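Chemist: Return atomic coordinates for the entry below.
(2 chains)
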Amino acid sequence: MTSTPTDLPELSDDEALAAEYVLGTLDLAERSAAEARLRLDHNFADLVNDWQNRLADLNEDYPEVVAPNLLPQIEARLFPQAAKSRGWFAWAAGLATAALIAVAVFELSPPSLPTTTMTAELTAEASPLRYEAAIAGDQLTLTRTAGAQAEAGKDYELWIIEGDNPPVSLGVLTEASVTIPAPQAAEGFVLAITLEPAGGGPDGKPTGPIVAAGPLKKI
Amino acid sequence: MDDPIAELLSKIAAQDRAAFRAIYSSASSKLMGVLLRILGNRAEAEDALQEVFTRVWLRASRYDADKGRGMTWLIALARNHAIDRLRARRETQADGDDAINAVIDTAPRAETRLIAVGEAKRINQCFETLETEKAAALRGAYLAGLSYIDLAARFDVPLNTMRTWLRRSLLKLKECMEQ
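Modeler: Predicted structure coming up:
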C-alpha cells in the first residue's frame, strides 16, 4: 500500500453520508434517499444514531422559546373520535361513553406505524425493470426489485396519472429505493416510470418511453 | 440513567395520552426553539411543531433508550422535519438569503455560557481544535440547517471544497471526541 496517500484519512462513504445527514447539509433528494436507507439498513441507522449522539451537545445552543398550547389541534388530528366538540377533559373524565368505547378500540388496535394502504407493481412488456410502490400514511416508497439504473446521461422519472389527465411528475429516481411524500391518490391512479434526459422531462412532461407502470390497488 | 423524557416516550409508546401531554409541557419550548431557528418564521414553526408532536405519538415505539437520551431523539425528529421543510421550500424558491444571514447568528454561544456538565464541554473543546472558519461552518450547518450550497456561498468557496472541509472537520471532531 506504499502508493496510497495516507496523510489525509477520510471518513468512509457511509459514515460521511450519516454525518452529513445529521449535520443537515444534504439536498432534498439526498436526504430522502438517506431516510429511505435508514429504514432498511440497520448498520447505516446505527451510524446516524452515533452522529446524532456525537453532535447532540450542540443542542445546548438552541434557545427555549415558549410555544403556544397547540395540544388541542394535535390531539384532534391524532384522536378524532375523542376530540370532537367535548374536548380532552370531557373525555378524560369519562363522561362520554362513546369516547370510552373509541378508546377501547384504539387500544386494541396495533401500534403506531402507519399501515400500508395502497400498493402498485410497476412493470412493462419488453422491459426488465420492475418496481414496487407502497403508500403508508403520508409517504410513498418505491423500490426497484429488478433491472438496472438508467443509462448514463438519462434518468428515470416517476409520474402519477389520474384517468385521462396529463401525468404529474413525482420526481426523478436517483436511487434504487426512494421515499417521498405521498401524492393525493386513489385506487386506480397509475404510477408510471419513463426514461428521460438527465434531470427529468425538460418541460415537466414525459418525453421518453414508459419503462414500467402499474395501477394503485387498495390493500 | 435519569432521563424523564425517555420514560415519557416509553409510556407514549404504550399509548399513554397523559404522558403525551406531559411531554408537550416538558419539551415544546425547546423544540419550538429548534424549529424557529431553522425555519426563521413563527407561523411555519408552529405548524411544524404540530407535525413534530404528531410524529412523537406515532413513532415513540421506535425510540430506544439504549441508543441515546430522549431529548436527543426529540430534537433529531424536530431538526429533520425542519430541514426537510427548508430544503423543499428552498428548491421551489431558490432563495438562500435567509439561511446565509442566519449563519451570522451562529456564534458559539454555548462556549460563553455556563455549561453544567462535562459532555458539552467536550464537544466545545473539540471544536477548538478546528480552524475558526470550519468550526463556524459546522455550527451553521447543524444549528441553522444550512446546506452545502448555502455554506459554499457564505464562505465563498466551491461546493466540493466545502464538502471536503466539512468531511475532514467531522473526522477530526470524531477522533477528538473518542480520545
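
Chemist: List the contacts of the most centrally placed residue in chain B.
Modeler: What sits nearest the mean C-alpha location of chain B, by C-alpha atoms, centre = their mean, is residue B:79, with 4.7 Å. Contacts of residue B:79 were listed using C-beta atoms under 8 Å, 6 or more residues apart in numbering or on different chains, and they are A:24, B:34, B:38, B:145. Quick note: C-beta positions are derived from backbone N, CA and C, even for glycine.

Chemist: Can you tell me the SS state at it?
Modeler: Here residue B:79 is recorded as helix under DSSP: H, G, I helix; E, B strand; the rest coil.

Chemist: show me the contacts for the most centrally placed residue in chain A.
Modeler: Compute the mean C-alpha point of chain A, and by C-alpha atoms, centre = their mean the closest residue is residue A:179, 3.1 Å away. Applying C-beta under 8 Å, 6+ apart, we find residue A:179 in contact with A:32, A:35, A:36, A:39, A:139, A:140, A:141, A:142.

Chemist: out of the residues you listed, who has the most neighbours?
Modeler: Among those, residue A:142 has the most neighbours (other C-beta atoms under 10 Å in any protein chain shown), with 25 neighbours.

Chemist: Surely it touches residue A:174?
Modeler: No - in this structure, residue A:142 is not within contact of residue A:174 by C-beta atoms under 8 Å, at 11.6 Å.

Chemist: Quick one: residues contacting residue 172.
Modeler: Defaulting to chain A. Taking C-beta under 8 Å, 6+ apart, one finds A:29, A:155, A:156, A:157, A:158, A:196, A:199, A:200 in contact with residue A:172.

Chemist: nope, chain B please
Modeler: Residue B:172 makes contacts with B:126, B:129, B:130, as judged by C-beta under 8 Å, 6+ apart.

Chemist: How is the chain partitioned into domains?
Modeler: No chain specified, so I'll use chain A. Domain assignment of chain A by automatic domain parsing yields the ranges A:13-59, A:71-108, A:116-218.

Chemist: should've been chain B
Modeler: If you go by automatic domain parsing, chain B breaks into B:1-94, B:96-179.

Chemist: Among these, which comes closest to residue A:131?
Modeler: Among the domains of chain B, the nearest to residue A:131 by C-beta to C-beta is domain B:1-94 (23.2 Å).

Chemist: could I get the contacts of residue B:172 as TSV with distance to residue B:54?
Modeler: Output for those, formatted as TSV (distance: C-beta to C-beta, whole Å):
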residue	distance to residue B:54
B:126	35
B:129	40
B:130	37
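
Chemist: with those in mind, which one is nearest to residue B:60?
Modeler: Residue B:60 lies nearest to residue B:126 out of these, by C-beta to C-beta, at 31.6 Å.

Chemist: Would you confirm that that closest one contacts residue B:171?
Modeler: No - using C-beta under 8 Å as the test, residue B:126 is too far from residue B:171 to be in contact (11.5 Å).

Chemist: quick one: which of the two has more around it?
Modeler: Using other C-beta under 10 Å as the criterion, residue B:126 and residue B:171 rank with residue B:126 on top: 20 against 17.

Chemist: circling back to that earlier point, export the domains of chain A to a markdown table and tack on mean pLDDT and distance to residue B:175?
Modeler: Below are those laid out as a markdown table (pLDDT from 0 to 100; distance: least, C-beta to C-beta, whole Å):
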| stretch | mean pLDDT | distance to residue B:175 |
| --- | --- | --- |
| domain A:13-59 | 93 | 11 |
| domain A:71-108 | 58 | 42 |
| domain A:116-218 | 84 | 30 |
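
Chemist: do you know which of those domains lies nearest residue B:16?
Modeler: Taking the domains of chain A one by one with C-beta to C-beta, domain A:71-108 is closest: 10.2 Å.

Chemist: Which residue ranges of chain B form helices?
Modeler: For chain B, the helices defined by DSSP state H occupy B:4-13, B:17-39, B:42-59, B:70-93, B:97-102, B:109-112, B:118-128, B:132-144, B:148-155, B:159-178.

Chemist: what about stretch B:139-152 and chain A, touching?
Modeler: Yes - shown here: stretch B:139-152 in contact with chain A (C-beta under 8 Å from any C-beta of the partner chain) through B:139, B:141, B:142, B:143, B:145, B:146, B:147, B:148, B:149, B:151.

Chemist: mind checking how far the second one is from residue A:167?
Modeler: Taking C-beta to C-beta, to the nearest Å as the criterion, residue B:141 is separated from residue A:167 by 36 Å.

Chemist: Look at these two and report which has more neighbours.
Modeler: residue B:141 (26 against 20).

Chemist: Of the contacts of residue B:172, just say which sits nearest to chain A.
Modeler: Chain A has its nearest neighbour among the contacts of residue B:172 in residue B:126, at 9.5 Å by C-beta to the nearest C-beta.

Chemist: Tell me which residues touch the closest one, please.
Modeler: Shown in contact with residue B:126 (C-beta under 8 Å, 6+ apart): B:172, B:173, B:176, B:177.

Chemist: Report the distance from stretch A:22-41 to the chain centre.
Modeler: Counting by C-alpha atoms, centre = their mean, to the nearest Å, stretch A:22-41 is centred 10 Å from the centre of its parent chain.
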